[in-house]
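Colleague: Generate a structure from the sequence data that follows.
(chains A and B)
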Amino acid sequence: MGYKDLANLIFPDAKEISYYEEKYPERNLQEGAMVTRFAPSPTGFVHIGGLFGATVDRKMARQTGGVFILRIEDTDQKREIENGVQQIIESLKDFDIIPDEGMTGENTDVGEYGPYKQSARKEIYQAYAKSLIEKGLAYPCFATTEELEEMRKKQESLKIRTGYYGKWAKYRNLPAEMAEEKIKNGERFIIRMKSQGDENRKIRHHDLIKGNIDFPENDQDIVIIKSDGLPTYHFAHVVDDHLMRVTHVIRGDEWVSSIPLHLELFKLLGFKAPKYAHTAAIMKEENGSKRKISKRKDPEAAVSYYHEEGIPSEAVVEYLLNIANSNFENWRRENQEKNIEEFKFELSKMSISGAVFDLVKLLDISKNVISKYTAERVYNDSLIWAKRYDSELKELLEADKLYAISIFNIERRNTKPRKDIAKWSDVKNSIIYMYDDKFDRMQEEYAFQKITNKQEIKTILSEYESNYYNQNDDKEVWFNKIKDLSEKLGYAREVKLFKQEPEKYKGHVGDISTVLRVALTKRSNTPDLYEIMQILGKERIKKRFNKFL
RNA sequence: GGCCCCGUGGUCAAGCGGUUAAGACAUCGCCCUUUCACGGCGGAGACAUGGGUUCGAUUCCCGUCGGGGUCACCA
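Modeller: Next comes the predicted model:
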C-alpha cells in the first residue's frame, strides 16, 4: 500500500487535476490586467471593511482592463444565512459595485471559471487534495478534538510554540497501511498538508501595500480538508485563486500572518502565487483606544447603516477612497466635476496602518456631494430613501412634487449652494414647516430671539402684513420694505447703524426679520426668508401670522 | 506569551537627511450677513521615548514604551 492507494481509498471518484487545469486556462488579457476578487461568506452582511476592499478590487480591475470576481466562501455552513448571497449582491449594488464575473444570485453566476460558490467546488478541492496525498504531501489525520486540546495544553505548559507540527504531528508519518486500516474501521479523519517548511528558515514576502515582510517559514501541518469533506479557507483560497486565474489578492490584513502558509501551499501544489495586497482594517475609537470596527459592537460597521441613515452611496465611496488613497482628496478638489472612475488609484499609496473611522468627515463629504445635486435629484433620492425608511416624509414628498422641488431649490442654484443636508434623514426636519398641517401641529415653541414682547410682535406682524408686504416685490424691494418698517417702529434700518449708536434704537432690522421668520416657521434658523415667503404666498403668510396672533 | 506590523496635531494625512513640518475634517476668533447654512481671513494644536550613525535627524539603525493583527476541522 502506497500513497497512491491511500489517495484512491480516500477520494475514489476524484478527477485528475489536469482536467481542471485545462478547463480553466490562463486568461487572455492585455498586459498588466489585474484579476481581482471579493470573497465574502454568505452571511448577508457586508462590513464597511468589505466594501472598502470590494471598492479597491473593482477599481483596480477596471483601471487595468482586468476582471473583478465575486466569489462566495461558504465552506462553513454555520455562517450561512438564508438569502445571504442575494443580500450581499444587493448591498454591493447599492454602491454601484457590480462584479464582472461570479455570483449573480443565490444560485446563479456568470463566467467561465465557475462555480463561484465554494460549496459547489467540493470535487475540485478533493481532486487537488488527492494529488497531494499521492505525492506524500498531504495525509489523513485521525487526532480527536480532545487529543488536540491535550497537545496544546502540554505545549503551553512547556512554553513552546503551539500547533500541529514536527514531532507533535502524530499522524504525519503514519504508514499508509495503518491509515488504510483506520479508515476501513470507520475512524473519523481530516486531511492535513505535510509541511516541508522549517521554522528556522526565513522567507521574504513582498506585499503591494505593506512592502517587504520577513517571516519564519511555515511548518504547521494545517488542515486542508475538514471532516465534512469541504476545504478550509487556506486550501480553498489557493485552489480557487489559481484556477480562477486571479492575479492580485486584495484582502484584509488579518491574513498577513497566514502568508507563509499560503505561499507554501502554492508551492506544494506547483502553482504560481498571486500578488498580495493586504489592506489595513478600519478602526473605531473607543475611550481612548483603537480597535477594529466590529460587526457586533458598532452599527456603523454594517454597510446597511449608511443606507438607513440616508447617506448617499457616492459619499460613502468618496470617503472610503479618501482613506484608501491620501491623494484622492486633492484630486477631488482639483477635479470637482469628474467621475470617480477617472481617479487613478494606486495600491502602493494605501496606508499601512488602520485609520479610525470618522463619521463627521464622512458627513462633511456627504454635505458637499448633496449640495451639488439638483433639486430634482434631491427630491428623487430622498423619496427613494423615504419610501423605505420614513413614511411621513414619503407622504409629504409625494403629495406635491413640484412644491417639494421648489423647497429644495431654495438657495440651491446659487454659486455657493446651501450645504445643510448631509443625509436624507435630515430632510424631513429641514422642510417640515413648509407644510401647513405639519406646521400647525409642530410642538416646538416659537423661537423668538431679541424681541419677545407679545404686543410688540403683534404690532410688527400686523403692520407688515397690511402695509408693507407685497407678493410681487423682488428681493431688493422686499427687503427695503422691511427696513422701512424697522425705521418706522424705532429700529435701525441697517445693523451697522445700530452698532454705531445702539442707544438710539430699540434694535435693528435683523430683529424685525427674525420676528417675521419665527412667526412663519417657528424657527430662528432657516434658509432665505424671501424665498420661503415666495413659496408660501400671501394667503398662507397671512394665515400663519393670524395663527400666532 | 510566540510571530508579524505600525507609531507626524483630536481625526485622516503629506513628508523619503537640511522644510517657517503641507493640506482636509473638527475646534476657536474675526469678516461677510436679515437668521442659519455657505464663503473669506486668521489662531491654537504634532514628529512617542532613549541611545547611536552623521556636519546635520521627523526621515537611517538599535533598545524602550505604546498601539494593532494573528496563533481553530471560522473565514
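Colleague: Correct me if wrong: residue A:54 contacts residue A:38.
Modeller: Yes: between residue A:54 and residue A:38 there is a contact under Cβ atoms under 8 Å: 4.2 Å. Quick note: C-beta positions are derived from backbone N, CA and C, even for glycine.
Colleague: And the closest residue to residue A:105 other than its chain neighbours, how close does it get to RNA strand B?
Modeller: Closest residue to residue A:105 apart from its sequence neighbours, by Cβ to Cβ, 6 or more residues apart in numbering: residue A:86 at 6.2 Å. Remark: distance between residue A:86 and RNA strand B (Cβ to the nearest atom of the strand, to the nearest Å) = 18 Å.
Colleague: same thing with residue A:436?
Modeller: The value you get for residue A:436 to RNA strand B, if Cβ to the nearest atom of the strand is used, is 20 Å.
Colleague: List phi and psi for that residue.
Modeller: Phi and psi for residue A:436, reported as degrees, to the nearest 10, are phi -60, psi -50.
Colleague: Could you give the number of residues near it?
Modeller: 13 (other Cβ atoms under 10 Å).
Colleague: Surely it and residue A:541 touch.
Modeller: No: using Cβ under 8 Å, residue A:436 is not in contact with residue A:541, being 11.4 Å away.
Colleague: Which stretches in the stretch 151-300 of chain A count as helices?
Modeller: Listed in chain order, the helices of the stretch 151-300 of chain A (DSSP state H, counting those that start in this stretch) span A:176-184, A:233-243, A:259-269.
Colleague: would TSV of those with mean neighbour count, mean pLDDT and distance to residue A:370 be doable?
Modeller: Compiled in TSV, the helices of the stretch 151-300 of chain A are given as follows (neighbours: other Cβ atoms under 10 Å; pLDDT from 0 to 100; distance: least, Cβ to Cβ, whole Å):
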stretch	mean neighbour count	mean pLDDT	distance to residue A:370
helix A:176-184	15	93	64
helix A:233-243	22	98	40
helix A:259-269	21	97	42
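Colleague: Distance to residue A:487 for those helices - can I get that in CSV?
Modeller: Formatted as CSV, the helices of the stretch 151-300 of chain A follow (distance: least, Cβ to Cβ, whole Å):
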stretch, distance to residue A:487
helix A:176-184, 102
helix A:233-243, 78
helix A:259-269, 78
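Colleague: Columns distance to RNA strand B on top of those helices, output as TSV?
Modeller: Listed next are the helices of the stretch 151-300 of chain A as TSV, based on distance: least, Cβ to the nearest atom of the strand, whole Å:
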stretch	distance to RNA strand B
helix A:176-184	13
helix A:233-243	3
helix A:259-269	8
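Colleague: quick one, which of those is nearest to residue A:464?
Modeller: Closest approach to residue A:464 among the helices of the stretch 151-300 of chain A is made by helix A:233-243 (72.4 Å; Cβ to Cβ).
Colleague: for the closest one, packing partners?
Modeller: helix A:122-134, strand A:223-225, helix A:259-269 (3 or more Cβ pairs under 8 Å, 6 or more residues apart in numbering; DSSP states H and E).
Colleague: Tell me what angle that helix forms with helix A:259-269.
Modeller: Here the directions of helix A:233-243 and helix A:259-269 differ by 50 degrees (axes from the mean of the first three to the mean of the last three Cα atoms, to 10 degrees).
Colleague: Helix A:233-243: how far from the chain's middle?
Modeller: When C-alpha coordinates are averaged (Cα atoms, centre = their mean, to the nearest Å), helix A:233-243 and its chain have centres 25 Å apart.
Colleague: Restrict that helix to CA atoms and write it as CSV.
Modeller: The C-alpha trace of helix A:233-243 is given here as CSV (Å, rounded to 0.1, in the frame of the first residue of the first chain):
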residue,chain,number,x,y,z
TYR,A,233,-10.2,28.7,3.9
HIS,A,234,-6.5,28.3,3.2
PHE,A,235,-6.9,25.5,0.8
ALA,A,236,-9.9,26.9,-0.9
HIS,A,237,-8.1,30.2,-1.4
VAL,A,238,-5.1,28.6,-3.0
VAL,A,239,-7.0,26.3,-5.3
ASP,A,240,-9.6,28.9,-6.3
ASP,A,241,-7.4,31.8,-6.9
HIS,A,242,-5.2,29.6,-9.0
LEU,A,243,-8.0,28.1,-11.0
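Colleague: Give the residues shared as contacts by residue A:54 and residue A:38.
Modeller: residue A:92 (Cβ atoms under 8 Å, 6 or more residues apart in numbering).
Colleague: Give the residue spans of chain A that score low on pLDDT.
Modeller: Chain A contains residues with pLDDT under 70 at A:1.
Colleague: need the longest helix for it.
Modeller: Ranked by residue count, the top helix of chain A under DSSP state H comes out as helix A:529-548.
Colleague: what's that one packed up against?
Modeller: Right, helix A:529-548 is packed against helix A:401-408, helix A:436-441, helix A:454-463, helix A:475-488, helix A:509-521 by 3+ Cβ pairs under 8 Å, 6+ apart.
Colleague: most neighbours per residue, which of those helices?
Modeller: With neighbours taken as mean count of other Cβ atoms under 10 Å, these reach their highest mean count in helix A:509-521, at a mean of 22.
Colleague: hmm, back to that, which one of the helices and strands packed on helix A:529-548 lies closest to residue A:252?
Modeller: Closest to residue A:252 of these is helix A:401-408 (Cβ to Cβ; 39.7 Å).
Colleague: CA atoms only: put the closest one into CSV for me.
Modeller: Output of helix A:401-408 as CSV, limited to C-alpha atoms (Å, rounded to 0.1, in the frame of the first residue of the first chain):
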residue,chain,number,x,y,z
LYS,A,401,-43.7,67.0,-6.3
LEU,A,402,-43.2,70.5,-7.7
TYR,A,403,-43.8,72.1,-4.4
ALA,A,404,-41.2,69.9,-2.8
ILE,A,405,-38.7,70.7,-5.5
SER,A,406,-39.3,74.4,-5.1
ILE,A,407,-38.4,74.0,-1.4
PHE,A,408,-35.2,72.1,-2.3
